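Colleague: Predicted structure and sequence below. I'll ask about it afterward.
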Amino acid sequence: MILVTHGHSDHVGDAVEIGKKTRAKLVATFDLSAAIVSALGYPSELADVETTGHMGGTLTLLGGEIAVTFVPAWHGSGVSRDETVPSVYGGTPVGLVIAIRGGPTIYHTGDTDLFSDMALVSRFHKIDTMLVCIGDHFTMGPDRAAEAVKLVNPREVIPMHYGTFPVLTGTPEAFERELKSRKLEGQLRVMKIGQTLTLDEAKDS
Ligand SMILES: [Zn+2]
């Protein structure tokens with residue numbers, strides 16, 4: 001499975017090539033999936049209704065091994081084949097809640113600002129691992145991201161979406177300071193480039 005939160009090129013990345021090579025199914029919203037198939041050439045048979053949903057909906061996949069819920073995110077989602085032509089409509093960006101049977105529940109915020117409804121995610125799922133954007137400029141920065149962690153209260157938080165471009169000024173260090181001022185720094189887990197992470201099993205809260 002390849003899960004994509006929105007259509008921007010730094011997120012779609014090599015999804016089409018990887019999908020063609022591995023036959024992985026594309027998990028995305030209806031509009032984003034249609035745009036990635038029509039504009040970028042993702043194989044349509046790997047992006048059918050089974051793995052296509054929309055906000056508020058949960059897809060049960062891999063024979064019940066995972067459940068993916070699409071939740072809101074505040075961002076854009078245009079899909080562009082090349083930067084010289086206007087982007088194709090990719091619908092509304094999303095965050096994803098991925099619940100693994102017998103394993104952790106992961107909340108990927110997508111690219112977004114802080115918003116108070118993030119707190120609702122934890123009303124339906126105890127979040128073990130939260131992937132939160134901290135880069136600033138195109139998403140929330142460290143201070144607003146720390147406030148998002150406070151709303152969701154995950155067991156651990158992994159910062160993402162920083163350092164990609166020079167304008168993304170948010171750093172894990174600044175994020176740690178913001179977590180510390182809210183007494184949340186114990187939840188921080190910073191990944192290294194190229195690192196693969198094995199997540200622990202879910203723990204009952
Ligand atoms: Zn984006």
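Modeller: Thanks, I have it. A quick note: this is a predicted structure, and the numbers were derived from the prediction, not measured. Numbers count the residues shown, from 1 in each chain.
Colleague: in this protein, which segments are predicted with low confidence?
Modeller: Per-residue confidence of the chain (counting by pLDDT under 70) places the weak regions at 202-205.
Colleague: and it, which of its residues are near the ion?
Modeller: Neighbours of the ion within the chain, by CB under 5 Å from the ion: 8, 111. Where you see a C-beta, it was placed from the backbone N, CA and C, and this is true even at glycine.
Colleague: which stretches of the chain form helices?
Modeller: Taking DSSP state H as the test, the helices found in the chain are 9-12, 15-22, 30-40, 121-124, 142-152, 172-181.
Colleague: With mean neighbour count and distance to Glu83 added, can I get the ones you listed in a markdown table?
Modeller: Output for the helices of the chain, formatted as a markdown table (neighbours: other CB atoms under 10 Å; distance: least, CB to CB, whole Å):
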| stretch | mean neighbour count | distance to Glu83 |
| --- | --- | --- |
| helix 9-12 | 16 | 8 |
| helix 15-22 | 14 | 16 |
| helix 30-40 | 21 | 13 |
| helix 121-124 | 15 | 33 |
| helix 142-152 | 21 | 28 |
| helix 172-181 | 17 | 29 |
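Colleague: and those as TSV, adding distance to Phe165?
Modeller: Shown next, in TSV, are those (distance: least, CB to CB, whole Å):
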stretch	distance to Phe165
helix 9-12	8
helix 15-22	20
helix 30-40	21
helix 121-124	28
helix 142-152	16
helix 172-181	16
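Colleague: out of everything not next to it in sequence, what's closest to Val68?
Modeller: Here the nearest residue to Val68 in space, its sequence neighbours aside, is Leu59; by CB to CB, 6 or more residues apart in numbering that works out to 4.8 Å.
Colleague: so what's the one you found up against?
Modeller: Neighbour list for Leu59: 27, 50-51, 53, 67-69 [criterion: CB atoms under 8 Å, 6 or more residues apart in numbering].
Colleague: just Gly141 next, same as before
Modeller: Per CB under 8 Å, 6+ apart, neighbours of Gly141: 134-135, 169-170, 174.
Colleague: Then Leu62?
Modeller: Met1.
Colleague: so how far is the ion from the closest residue to Glu201 other than its chain neighbours?
Modeller: Nearest non-adjacent residue to Glu201, counting by CB to CB, 6+ apart: Gly103, 5.8 Å away. Distance, Gly103 to the ion, by CB to the ion, to the nearest Å: 27 Å.
Colleague: what number of residues lie near Gly103?
Modeller: Applying other CB atoms under 10 Å, we find 15 residues neighbouring Gly103.
Colleague: do the one 3 residues further on as well
Modeller: When neighbours are counted by other CB under 10 Å, Ile106 registers 21.
Colleague: repeat for the one 3 residues further on
Modeller: Look at Thr109: counted by other CB under 10 Å, it has 32 neighbours.
Colleague: Need phi/psi at it.
Modeller: phi -70, psi -20 (degrees, to the nearest 10).
Colleague: re the thing from before, out of the contacts of Leu59, which two sit at the greatest distance?
Modeller: Based on CB to CB, the longest span within the contacts of Leu59 runs between Glu50 and Thr69 and measures 15.3 Å.
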